[in-house]
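# compute the structure for the input listed below.
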Amino acid sequence: MYELAIGAIIVALTFDFINGFHDAANSIATVVGTRVLKPLHAVTLAAIANFVGPFLFGVAVATTIGKGIIDPDFVTIHIVMAALFGAIVWNLITWWLGLPSSSSHALVGGIIGAGLAGAGSHAIIFSGLEKVVTGILVSPVVGLIGAFLLASLIVRAFANKNPANVNSAFGKLQLVSATYFSLTHGANDGQKTMGIIVLILLTEGILTTFEVPFWVILIAAVAISLGTFFGGWRIVKTMGARITQLKPYQGFAAETSGATILAILAHIGIPASTTHAISGSIMGAGAVRRLSAVRWGIGKRIVWAWIITIPASAVIAYAIMLLFNFFM
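This next block holds a predicted model:
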């Protein structure tokens, strides 16, 4: 009786795993880039924090994803699956190209595309998309400004200290900031899969009201944590070294700034992109030494990936939903 629901939940957890796999770079790029931790140790730390994160920051983002983008009354199990497949395909394409695009926005685009093909434009809650747009604009800009200011403050405060001692101290502090960022990454991204699973349970009549059961939080946390542990090194290379070369104090500033904006957005239910937050923060921290220290050409390539993510995943999901309509 619940075969479709079980199949759809497995697809949702696959997306969650790929989300962790795809976004592992967000959590560990700076701590690997500054050589504070070896890659295996960094991924292990990130995976543990990603598992804990979803239990700490409530379910506001899950609620936005589950009933703030498409009206649950119009959602079918096939729309949910088409949305997930659209997001998964786009994530795999950008992973293959080494582009740090947003898994969150791939999922939003998937929901929009599948919803348009399966239920029509009246099912889309366009006012709810304002939160998504807010996250797109706020997370990279505030991350960039916050990291720039924090790194500038550190430079000024320790200007007369021995650089080797400063790097050593901030290398240790990066363990704290990397854990902080990984917690908020797990909280923000893990909640998106929770919202989708609750939507599945509603469409199949297993739940009658929108609430997130504990077991849903648990399996979403496990899936994203495992994905992070097996994370993708193609994107680590872009995030940790190609945007700019970071010193430990810059990595600390970037992670702290990115994590803080993610924690705030998770608390108020805005599904932000961890990729946007940390990319902007890395650019801000890198620009402290001099503007030319940031490879803005790489940054421009990343921004283009951000711009096309929602429409691209929407088109893929739309096409998949049309196939479902044709064959079912």
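# show me where pLDDT drops low in the stretch 1-150 of the chain?
1, 24-27, 99-100 (pLDDT under 70).
# rounded mean pLDDT for the longest helix along the chain, please.
When the chain is parsed with DSSP state H, its longest helix is helix 163-203. Helix 163-203 shows a mean pLDDT of 86 in the predicted model.
# quick one: the next helix or strand after it to helix 163-203, angle?
Sequence-wise, the next helix or strand downstream of helix 163-203 (DSSP states H and E) is helix 214-229. Between helix 214-229 and helix 163-203, the angle formed by their directions is 140 degrees, by axes from the mean of the first three to the mean of the last three C-alpha atoms, to 10 degrees.
# buried ones in helix 214-229?
Neighbour-count burial for helix 214-229 flags 216-217, 219-229 (criterion: 16 or more other C-beta atoms under 10 Å). For every residue, glycine as well, the C-beta is placed using N, CA and C.
# same check, this time on stretch 40-51
For stretch 40-51, by 16+ other C-beta under 10 Å, it's Ala42, Val43, Leu45, Ala46, Ala47, Ile48, Ala49, Asn50, Phe51.
# what helix or strand does the last one sit in?
Here Phe51 sits within helix 39-52, counting by DSSP H and E.
# who touches the helix or strand just after that helix?
Downstream of helix 39-52, the first helix or strand assigned by DSSP H and E is helix 60-67. Outside helix 60-67, the residues that touch it by C-beta atoms under 8 Å, 6 or more residues apart in numbering are 72, 107-108, 111, 128, 131, 187-188, 191-192, 194-196, 198-199, 202, 210, 212, 265-271.
# and helix 60-67 with helix 163-203, angle?
Using the same axes, to 10 degrees: helix 60-67 against helix 163-203 is 40 degrees.
# just after helix 60-67, pick out the following helix or strand.
Next element after helix 60-67 (DSSP H and E): helix 77-97.
# next, the angle from the helix or strand just after that following helix to helix 163-203.
Going down the chain from helix 77-97, the next helix or strand is helix 103-118, by DSSP H and E. Angle of helix 103-118 versus helix 163-203, following the same axes, to 10 degrees, is 20 degrees.
# how about Ser168: what's its closest non-neighbour residue?
Leaving aside its chain neighbours, Ser168 sits nearest to Pro248 (7.9 Å; criterion: C-beta to C-beta, 6 or more residues apart in numbering).
# how many residues are close by Arg269?
Small correction: residue 269 is Gly, not Arg. 17 (other C-beta atoms under 10 Å).
# ok, it - contacts?
Contact analysis of Gly269 by C-beta under 8 Å, 6+ apart lists Ala60, Val61, Thr63, Thr64, Gly68, Lys131.
# and those residues, which is closest to Asn165?
In terms of C-beta to C-beta, no member of the contacts of Gly269 lies closer to Asn165 than Val61, at 40.1 Å.
# from Phe85, how far off is that closest one?
Distance, Val61 to Phe85, by C-beta to C-beta, to the nearest Å: 22 Å.
# next: Trp306.
Distance, Trp306 to Phe85, by C-beta to C-beta: 21 Å.
# so for these two, which sits in the more crowded spot?
Taking neighbours as other C-beta under 10 Å, Trp306 and Phe85 compare with Phe85 leading, 23 against 19.
# which residue is the nearest non-sequential neighbour of the more buried one?
In space, and not counting its chain neighbours, Phe85 is closest to Ile320: 5.0 Å by C-beta to C-beta, 6+ apart.
# looks like the one you found contacts Gly86 (just checking).
Yes. Under the criterion of C-beta atoms under 8 Å, Ile320 makes contact with Gly86 at 5.9 Å.
# quick check: neighbours shared by those two?
Common neighbours of Ile320 and Gly86, counting by C-beta under 8 Å, 6+ apart, are Ala114.
# neighbour count for these two, which is higher?
Each of Ile320 and Gly86 has its neighbours counted (other C-beta under 10 Å); Gly86 has more, 29 against 23.
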